[in-house]
Structure formats: structure tokens, C-alpha cells
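Engineer: With the input below, show me the fold.
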Amino acid sequence: MAYQVLARKWRPSNFSQLVGQEHVSQSLIHALQHERLHHAYLFTGTRGVGKTTVARILAKAINCENLQNFNPCGACAVCQAFEQGRFMDLIEVDAASRTKVEDTRDLLDNAQYAPNQGRYKVYLIDEVHMLSGHSFNALLKTLEEPPPHVKFLLATTDPHKIPVTVLSRCLQFNLKRLTPEQIDRQMQFILGEENIAFESQALKMLARAADGSLRDGLSLLDQAIVYGSGTVTGDAVLGMLGAVAQQPVDDILLALAAGEARQILAKIADVAQLTPDFAEILQQILRVLHRVAVLQQVPAFVDHEFDKQLLGELAQRLTPEDVQLYYQIGLTGQRDLVLAPDPRSGFEMTLLRMLAFRPAAAGRMPVTAVAAGTPVVPNMAPAGEPPARTAPVAETVAEPVVAPAVQPIAAADAGSRWRDIIAALNLNGRTRELANNCVLDSIDDSSCRLLLDPGFHQVGSRAEENLRAALQHYYGKPLKLVITQQAAAQMTPALEMQKAREDRQQAAVDNINADPNVQALKETFGARIVPGSIEPLN
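Structural biologist: Predicted coordinates for the structure are as follows:
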């Protein structure tokens with residue numbers, strides 16, 4: 001017997017075997033249970049999630065002679081004819097190859113005749129969005145007044161190209177992209193049934209490379225079995241997938257969060273060897289940045305589609321301002337990608353633009369291009385002042401790191417001392433936000449006491465734990481961190497930065513209003529300054 005690929009051999013034959021599409025299968029089962037079948041169904045979703053499979057199961061179910069819990073029985077004459085591909089009342093069409101109106105009219109001419117074997121004559125049209133405008137008009141005529149014995153099952157990856165007149169006459173079901181965990185579990189089940197040895201890490205790599213498509217995942221699994229001579233191992237999968245297994249999107253985002261231009265370009269060079277679709281990679285980056293932005297605003301947000309550890313790390317290392325900026329630059333870069341000399345250079349410029357326009361912040365290491373072996377020294381400029389440029393260091397000198405001494409400080413010096421400590425701790429994300437909204441009350445060998453601005457809403461225990469760990473690492477002592485929500489005489493660093501921004505803004509407005517050229521334009525031409533249009537240069 002000829003070998004049958006896993007994607008076909010393990011294709012679901014009833015609703016119970018569907019993976020990750022319970023919202024669709026449950027609705028269809030209820031329709032069968034209450035005999036409320038619509039005359040036209042539209043199944044949408046990305047490739048390999050089960051659109052055509054669901055349509056075939058529904059076609060079999062509505063014709064099955066002996067439903068079992070409203071699932072096709074698989075044993076009656078109708079089910080057997082379906083499985084063997086000889087059920088005469090299933091007319092399956094690939095719209096991509098039959099787009100002409102003549103093809104559609106010939107197809108629908110027989111709709112008026114009664115079915116031969118089953119209760120319903122079923123038209124299953126795959127990639128229906130590929131039909132021409134005239135073909136949709138011909139289809140619409142039958143959809144408006146369908147014979148009682150005809151059902152239409154339409155499937156597409158691009159429902160936006162279907163006329164609204166057709167959409168309005170269909171019940172639409174959107175099939176979800178599968179999570180890596182769902183694909184991983186299905187692979188484990190199939191390999192167990194096939195008695196094929198595997199390593200868990202190998203399946204995790206394959207599940208992530210499948211990018212939400214179970215069919216793609218099973219195709220990769222087939223390839224991995226052959227590549228590994230009958231077993232699925234981590235080393236074999238890594239060698240087979242190459243850079244894809246390294247998850248280039250994850251690595252690029254982590255390098256972006258670290259401000260490492262060299263690492264970003266090196267990763268792009270690795271990916272370029274696989275002739276990738278850089279527009280698709282940029283779309284994936286935008287999807288991850290969107291989830292990071294949501295997680296930063298709603299810490300309890302759970303998204304099973306993406307790696308929770310990656311989202312958490314990026315949410316900590318990137319500020320909300322960074323995420324919003326990168327997302328906007330990515331959107332613009334996606335639009336301009338077709339204008340670039342080549343997709344790779346356009347993609348590289350988009351990532352480098354993100355780094356170039358990254359806002360400067362106290363304690364953050366600047367993005368610089370340095371020779372290999374040259375140390376990058378973080379610029380700890382006081383808050384509100386522009387970072388000073390440092391001369392390049394000629395050679396690397398290893399010096400012992402000495403933990404700073406913990407000394408009691410006077411209340412008058414607490415504000416400036418706390419700003420210096422925050423800068424030295426090199427905090428990110430919500431942890432830095434928490435620290436900037438605190439005032440140092442006291443610090444000694446055993447504890448650090450902070451006063452939290454009453455107007456600041458606590459960001460969660462995770463940020464407090466990170467701040468405690470950073471202080472203990474910085475001082476080399478097991479300091480106890482005590483945070484009390486209480487008003488303080490001094491301004492918090494966050495309020496100081498806000499005041500500095502407001503002062504710069506007001507100075508810019510005053511300078512514009514006092515400018516003689518602006519005054520001349522007002523007097524001569526009746527010009528006016530648009531409110532909110534003035535911004536300081538730095």
C-alpha cells in the first residue's frame with residue numbers, strides 16, 4: 001500500500017476529532033440536533049486550520065443515515081461512500097481553477113435536480129474568493145432562492161474579497177489559528193499511535209514553526225521523521241529547520257529590546273539564507289508588539305497564541321512608549337517595504353529606524369556601533385539632562401566590581417540620591433515606573449524604605465520583587481524593601497521629569513510667541529499658531 005502522509009491519514013472524520021475549533025463544531029452539532037440547518041455556510045481562516053475538513057464533515061453529517069451523538073457514524077453506506085470518494089451528491093470545486101462564469105453556470109445547472117444517494121446535494125467550493133464578479137452573480141442567483149435539497153459550503157482564506165451580497169446570505173464561521181500547545185499535543189497523540197519515538201523539545205520546535213497551521217505542522221512532522229530516520233529528535237529538527245527553528249522574530253525582538261543593532265543585523269543575515277518573506281516577518285513582529293502593549297496595560301491578560309515567557313520578558317524590558325513607537329514604525333515600514341531597493345534592505349532599515357528613534361532614558365544604554373571587544377559604558381546622566389557623549393575606549397580593562405556602601409542620608413539629599421540609584425540600577429518597564437513614582441525615605445545596611453506617590457496605582461507584586469532584587473544585587477546585601485503609600489515633601493523622579501517636560505514645552509511656546517518672524521507673519525498675513533502644534537526640540 002502506498003504511504004499516506006500524516007496530514008491525510010489523521011484528517012478528522014467527525015466533529016469530535018477536530019482540534020482547536022470547538023466553537024465551530026459545537027454550533028454545527030446544535031444545528032443538527034435542532035434541525036436548523038442553513039442553506040449556505042462560509043468557513044474562513046488561515047491555511048491549514050481545517051476549513052475544508054469541517055465542510056466535508058458537515059456534508060457527511062447532513063447525509064449520514066445513522067448519526068451517533070450528531071456525529072457521522074462512519075459505517076453507513078453514505079459515510080463509506082464519502083470515505084472512498086464516490087459520494088455522487090458531493091460536488092467539490094476548487095474556485096482557483098474554475099473562475100469563469102461559464103464554469104459556475106454549468107456547475108449550478110444541475111442544482112435543480114434531486115440528489116442521487118443522500119438527502120442533500122452539497123456544493124463545496126474551496127477558495128471561493130477566487131471566483132470572478134460574474135461568477136459571484138451567477139452563484140448569488142441560486143443563493144437567493146436555493147432548492148430545498150441543496151446546501152452550499154464555502155471556504156476561503158480571504159473573506160474580504162467576497163461580495164457583501166454573498167456574505168449576507170451565508171452563516172459565517174471563522175476558524176482560529178491553533179496554538180503551539182494544541183499542535184504539540186496532537187503531534188504527541190499521532191506519534192504515540194504510530195509508535196514513533198520523539199523528544200518533547202523537537203515537537204515544541206515543530207509546533208512553533210507550524211505558525212498556527214496543524215496541516216503545516218504535520219507536514220513538518222513527516223519531514224522530521226524522514227530526516228531523523230524514523231525518530232523525531234531535537235538535533236535533527238534543529239538541523240532540518242535551520243534558522244526557522246531559532247524563531248527569528250523572538251530573537252530580533254529581544255535584540256531590539258537590548259538595543260543591539262549588531263545582533264539584529266546578524267539575525268537578519270541568518271534568516272536571509274532561507275529566502276524568507278520579510279513582509280510576513282514584519283507582520284509577526286507587529287503581532288507580538290501588539291500583545292506586549294496589551295500585557296503592559298492589562299497584566300492579567302492571557303494569550304495562548306504566543307510564548308508567555310517571551311511576552312513577559314519583552315513587557316519588562318521595553319517601555320510602553322518604546323512598544324508604541326516600534327509598532328508605528330513597523331506599520332509605516334510595512335507600507336514602504338515595496339518601495340525599498342529590495343525587501344531585506346527595507347526590513348533592515350525599519351528595524352534600524354526603531355533603534356534610531358528610540359527615546360533616550362536615564363540608565364538606558366545608548367545604541368552605538370562599536371568595534372568588537374570595545375566596552376559600552378552606560379551614560380548615567382541625571383534625569384532631565386541630555387546624555388553626554390563619551391570618548392571611545394581604546395582597550396578593555398577588567399576591573400573588580402566593588403559594591404557601593406550603604407550610608408544613611410539626610411532628607412535634603414534623598415531626592416538626588418534616589419535618582420542616582422535608579423539610574424545605576426538600570427531598571428526597565430513596570431519596575432522602573434514603580435521606582436520613579438517613589439521617594440527615598442531612608443536606607444541603611446538592613447533596609448530601604450520608600451514612600452510611594454498616593455496618586456500612583458500599584459503595578460503588582462512582580463515589580464516590587466524586581467526592584468528589591470535589583471537593590472540587593474546593586475548593594476550586595478540582603479536589603480529589606482519597605483514601600484509605604486504616603487505623600488512626601490520631595491517630588492518623585494516621575495513628577496520631576498513631568499515638570500521638566502512641561503517647562504521645556506512652555507519655554508518652546510514662549511520662544512515661538514516672542515519670535516519676531518512669527519510676530520511679523522501674524523501682523524502682515526493674519527497668521528495664527530495652531531494650538532498644540534508646538535513641540536520642544538529636545
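
Engineer: Show me where the stretch 101-250 of the chain has its helices.
Structural biologist: 101-108, 133-144, 164-167, 180-194, 200-209, 214-227, 234-241, 248-258 (DSSP state H, counting those that start in this stretch).

Engineer: So for E385, what pLDDT did the model give?
Structural biologist: pLDDT recorded at E385 is 42.

Engineer: what does A340 give?
Structural biologist: 89.

Engineer: right, and it touches Q334 too?
Structural biologist: No: using C-beta atoms under 8 Å, A340 makes no contact with Q334, being 11.1 Å away. Glycine gets a C-beta too; all of them are placed from N, C-alpha and C.

Engineer: quick one on the thing from earlier: want to throw the helices of the stretch 101-250 of the chain into TSV with mean neighbour count, mean pLDDT and distance to Q490?
Structural biologist: As requested, the helices of the stretch 101-250 of the chain are exported to TSV (neighbours: other C-beta atoms under 10 Å; pLDDT from 0 to 100; distance: least, C-beta to C-beta, whole Å):
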stretch	mean neighbour count	mean pLDDT	distance to Q490
helix 101-108	16	78	76
helix 133-144	17	86	69
helix 164-167	14	91	61
helix 180-194	17	92	48
helix 200-209	21	87	49
helix 214-227	20	92	57
helix 234-241	18	82	54
helix 248-258	20	88	32
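
Engineer: okay, those helices in a markdown table with distance to A61 next?
Structural biologist: Formatted as a markdown table, the helices of the stretch 101-250 of the chain follow (distance: least, C-beta to C-beta, whole Å):
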| stretch | distance to A61 |
| --- | --- |
| helix 101-108 | 23 |
| helix 133-144 | 21 |
| helix 164-167 | 24 |
| helix 180-194 | 22 |
| helix 200-209 | 29 |
| helix 214-227 | 21 |
| helix 234-241 | 37 |
| helix 248-258 | 39 |
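
Engineer: so which of those gets nearest R449?
Structural biologist: Among those, helix 248-258 comes nearest to R449, with 31.4 Å by C-beta to C-beta.

Engineer: Check the offset of the next helix or strand after the closest one from the chain's centre.
Structural biologist: Moving toward the C-terminus from helix 248-258, the next helix or strand (DSSP states H and E) is helix 261-272. Distance of helix 261-272 from the chain centroid (C-alpha atoms, centre = their mean, to the nearest Å) equals 20 Å.

Engineer: Give the buried residues for helix 261-272.
Structural biologist: 261, 264, 267-268, 271-272 (16 or more other C-beta atoms under 10 Å).

Engineer: low-scoring stretches of this protein, by residue?
Structural biologist: Along the chain, the parts satisfying pLDDT under 70 run over 1-2, 99, 242-247, 303-306, 360-406, 408-415, 458-460, 538.

Engineer: and the protein, what are its domains?
Structural biologist: Here the domain parsing of the chain from automatic domain parsing is 6-174, 180-244, 274-356, 411-490.

Engineer: Reformat those domains as JSON lines; add distance to R528.
Structural biologist: JSON lines is the format used below for these (distance: least, C-beta to C-beta, whole Å):
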{"stretch": "domain 6-174", "distance to R528": "43"}
{"stretch": "domain 180-244", "distance to R528": "53"}
{"stretch": "domain 274-356", "distance to R528": "29"}
{"stretch": "domain 411-490", "distance to R528": "36"}
